[in-house]
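[1] Kindly return the folded structure for what I paste below:
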Amino acid sequence: MKKSITQQMIMVFVGLLAFMFALVLGINTGFLERFYIMHKQRDLITIHQTLKDAVNKEQKEQKKIERKISALTEKENISLLVIGRDGKLSTVLNNSLNYESLYFQLLSYVLENDQDNCKVLKVTDDYVIYQTEKDKTSQPEYLTMLGELPDCSKFVMRTPIDTIRENAGLANTFLIYIGIVASILGGILVWIFARKISDPIKELAELSKRMTKLDFDARYTSGGENEIGVLGNNFNLMSERLEKTISELKSANNQLQEDIEEKEKVEKMRNEFLGNVSHELKTPIALIQGYAEGLKEGISDDPESREYYCDVIIDEAAKMNKMVKNLLILNQLEFGDEMQEYERFDLIGLIKGVLSSCELLFQQAEAKVDFIADETVYVWADEFKTEQVLRNYITNAIHHVDNEKRIEIRVTAKDEVVRVSVFNSGKQIPEEDLPKLWDKFYKVDKAHTRTYGGNGIGLSIVKAIMESFHREYGVRNFDNGVQFWFELDACVANEECQRKEQKK
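    Predicted structure coming up:
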């Protein structure tokens, strides 16, 4: 990050620390000497007041006061010299300077009032305090007090002040070293402290970034009982609620989408159904109308022609009746209006019965029928609907049988599944048409289908029945013909069938 919290905190701390040290250095350089001089003035005034108190005291008390003055001058590095009225030295307290220097300085002031190269700081009736820039002999700078006591004694007190500059310089150098070390150590401590704050914030930033991508598995894990910890816990709670809310919204949206798709599907089916039905009914209605009008107008008066007209009308009406029945059956199957009646029955017996009822159709098609199966095969299914599937396959095979005119019905059992296949020799179905065979009203060869009265609904009924059974079905091309097949649940014992019935 260009402006991370850690960097900002370190920069603020170092800047504040540098400002504080610069301020201390400035004050130390500009005001320490003044403060020192003021402090020394107070010390000189204190000793002067003590000297005044000692003048009028008895000798015993004077000795005590002199000891006090001696302690003060030694402590504050002040040299003191007092000359009595007779011009003799009465008191000399000198820790670091030669008293002759003080003596000559006092005489010079008394006799000549010499204050050249001096800066007067304070003047009263009893004393004057001034600051000398350079002494004529030793060259250092002093703070000097000259004055007269109540007993007309003269005194001089002096303390060096040039050392304060050296001490201030040393203090400033020391402060610089301390400032560098403090800045380094403080920067490290601030970095550690800032990391404890910035790391949870970075985690929260990453968490919010992942949440914008709808990744609600992200959780705040740093913990803590401070404000950031509370914020992290609220993030976790918000993530959970958002995940739940979005999941509910997605479920509702999916359900709405499914409802819309189902509605569109139903509408499409309705439109297709109406279009296909109107198309399929148009031809037979036209034929019935034409032949009926011919009979009414007496186009042909001979009995054979009238009988032919009547036969066409009856045939087309039968086809229409058959198509309507198939459509009703298909509608019931597709919309689940018809209940399934599962039972155990002999599949071989059912097939033999269907073949017997179709014997006349086989003869008319001049087809040879082969039935290959075991003597008895029991299955679990709806017997009536299974017969519908079988009849659709067999009648479809009869209408399309060709070449060697052979139809083969085969029953094979494998594991718990029984497969029934119906093969007819003849033309193959184009591969691109195979998936469309199960659509309503779809016809591969429309002219041939029209010849035998097919309407493209039979295989749609097969599809609906097999999907209601939840079993497989299909079609395959062979070199010499086409095979349709479907599968059923095998049922080898009554106990097993009862178990399946309870399961259903």
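[2] And the strands in this protein?
    Secondary structure of the chain by DSSP state E: the strands cover 79-83, 89-93, 118-123, 127-132, 142-148, 154-160, 342-346, 368-372, 378-382, 406-414, 417-425, 473-478, 481-490.
[3] Sheet-wise, list the partners of the fourth one with their directions.
    Using DSSP bridges, the neighbouring strands of strand 127-132 in the sheet come out as strand 118-123 (antiparallel), strand 142-148 (antiparallel).
[4] residues in contact with it?
    Contact partners of strand 127-132, identified using C-beta atoms under 8 Å, 6 or more residues apart in numbering, comprise 37, 41, 44, 48, 115, 117-123, 141-148, 161. Every C-beta, even on glycine, is put in place using the N, C-alpha and C of the backbone.
[5] Can you say which of those are buried?
    37, 41, 44, 48, 121, 141-147, 161 (16 or more other C-beta atoms under 10 Å).
[6] Would you convert those into JSON lines that also reports pLDDT and distance to T212?
    Converted to JSON lines, the buried ones among the contacts of strand 127-132 look like this (pLDDT from 0 to 100; distance: C-beta to C-beta, whole Å):
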{"residue": "I37", "pLDDT": "84", "distance to T212": "68"}
{"residue": "Q41", "pLDDT": "88", "distance to T212": "72"}
{"residue": "L44", "pLDDT": "88", "distance to T212": "77"}
{"residue": "H48", "pLDDT": "87", "distance to T212": "81"}
{"residue": "L121", "pLDDT": "87", "distance to T212": "74"}
{"residue": "E141", "pLDDT": "78", "distance to T212": "73"}
{"residue": "Y142", "pLDDT": "79", "distance to T212": "77"}
{"residue": "L143", "pLDDT": "84", "distance to T212": "74"}
{"residue": "T144", "pLDDT": "85", "distance to T212": "80"}
{"residue": "M145", "pLDDT": "87", "distance to T212": "80"}
{"residue": "L146", "pLDDT": "86", "distance to T212": "85"}
{"residue": "G147", "pLDDT": "85", "distance to T212": "85"}
{"residue": "I161", "pLDDT": "78", "distance to T212": "71"}
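[7] Does A292 touch I313 like I think?
    Yes. Using C-beta atoms under 8 Å, A292 is in contact with I313, at 6.2 Å.
[8] Those two: which has the busier surroundings?
    Of the pair A292 and I313, I313 is the one with more neighbours under other C-beta atoms under 10 Å, namely 19 against 14.
[9] got a list of what the more buried one touches?
    Taking C-beta under 8 Å, 6+ apart, we find I313 in contact with L287, I288, Y291, A292.
[10] taking those one by one, which sit in helices?
    L287, I288, Y291, A292 (DSSP state H).
[11] tell me the least confident of those?
    When the ones in helices among the contacts of I313 are compared on pLDDT, L287 comes out lowest, with 72.
[12] Skipping its backbone neighbours, what lies nearest it in space?
    E316 (4.8 Å; C-beta to C-beta, 6 or more residues apart in numbering).
[13] cool, A182 as well?
    Nearest to A182 is L17, by C-beta to C-beta, 6+ apart, at 6.5 Å.
[14] so what's that neighbour up against?
    G179, A182, S183, G186.
[15] Filter the residues you listed down to the buried ones, PyMOL style.
    Paste this into PyMOL to select the buried members of these, with burial taken from 16+ other C-beta under 10 Å:
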select buried, resi 179+186
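[16] which one of the contacts of L17 is nearest L350?
    G186 (96.9 Å; C-beta to C-beta).
[17] which residues does that closest one contact?
    With contact set as C-beta under 8 Å, 6+ apart, G186 has these partners: F13, V14, L17.
[18] now these as a markdown table including pLDDT and distance to E375?
    Below are the contacts of G186 laid out as a markdown table (pLDDT from 0 to 100; distance: C-beta to C-beta, whole Å):
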| residue | pLDDT | distance to E375 |
| --- | --- | --- |
| F13 | 76 | 99 |
| V14 | 76 | 101 |
| L17 | 76 | 105 |
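[19] want to throw the residues you listed into a markdown table with distance to A373?
    Below are these laid out as a markdown table (distance: C-beta to C-beta, whole Å):
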| residue | distance to A373 |
| --- | --- |
| F13 | 95 |
| V14 | 97 |
| L17 | 101 |
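[20] got the contact list for the spatially closest residue to E416 that is not a sequence neighbour?
    Residue nearest to E416 in three dimensions, not counting chain neighbours: A490, with 4.9 Å by C-beta to C-beta, 6+ apart. Counting by C-beta under 8 Å, 6+ apart, A490 touches V377, Y378, V379, W380, A413, D415, E416, V417, V418.
[21] Spell out the residue ranges of the helices in the stretch 351-500 of the chain.
    Under the criterion DSSP state H, counting those that start in this stretch, the stretch 351-500 of the chain contains helices at 359-365, 383-400, 446-452, 458-469, 494-503.
[22] rank these by pLDDT, which is bottom?
    helix 446-452 (a mean of 47).
[23] Quick one: distance of stretch 27-42 to the chain centre.
    65 Å (C-alpha atoms, centre = their mean, to the nearest Å).
[24] List the buried residues for that stretch?
    Quick answer for stretch 27-42 (16+ other C-beta under 10 Å): N28, L32, E33, Y36, I37, K40, Q41.
[25] Quick one: mean pLDDT over stretch 235-252.
    79.
[26] which residues touch that stretch?
    Around stretch 235-252, the neighbours that count as contacts under C-beta under 8 Å, 6+ apart are L204, L207, S208, M211, L214, F216, A218, R219, Y220.
[27] quick one: contacts for the second one?
    For L207, the set of contacting residues under the criterion of C-beta under 8 Å, 6+ apart consists of A218, R219, Y220, G232, F235, S239.
[28] Quick check: phi and psi at the nearest residue to it once chain neighbours are set aside.
    Leaving aside its sequence neighbours, L207 sits nearest to A218 (C-beta to C-beta, 6+ apart; 5.0 Å). Main-chain torsions, A218, degrees, to the nearest 10: phi -70, psi 140.
[29] quick one, what contacts A218?
    Counting by C-beta under 8 Å, 6+ apart, A218 makes contact with E206, L207, R210, M211, S239.
[30] Tell me the one of those nearest G426?
    Taking the contacts of A218 together and measuring to G426 by C-beta to C-beta, the closest member is R210, at 64.0 Å.
[31] now E307: how far from Q289?
    According to C-beta to C-beta, to the nearest Å, E307 and Q289 sit 19 Å apart.
[32] nope, G15 is what I was after
    In this view, G15 and Q289 are 103 Å apart by C-beta to C-beta.
[33] now T245
    For T245, the distance to Q289 equals 63 Å [C-beta to C-beta].
[34] likewise A367?
    Per C-beta to C-beta, A367 is found 35 Å from Q289.
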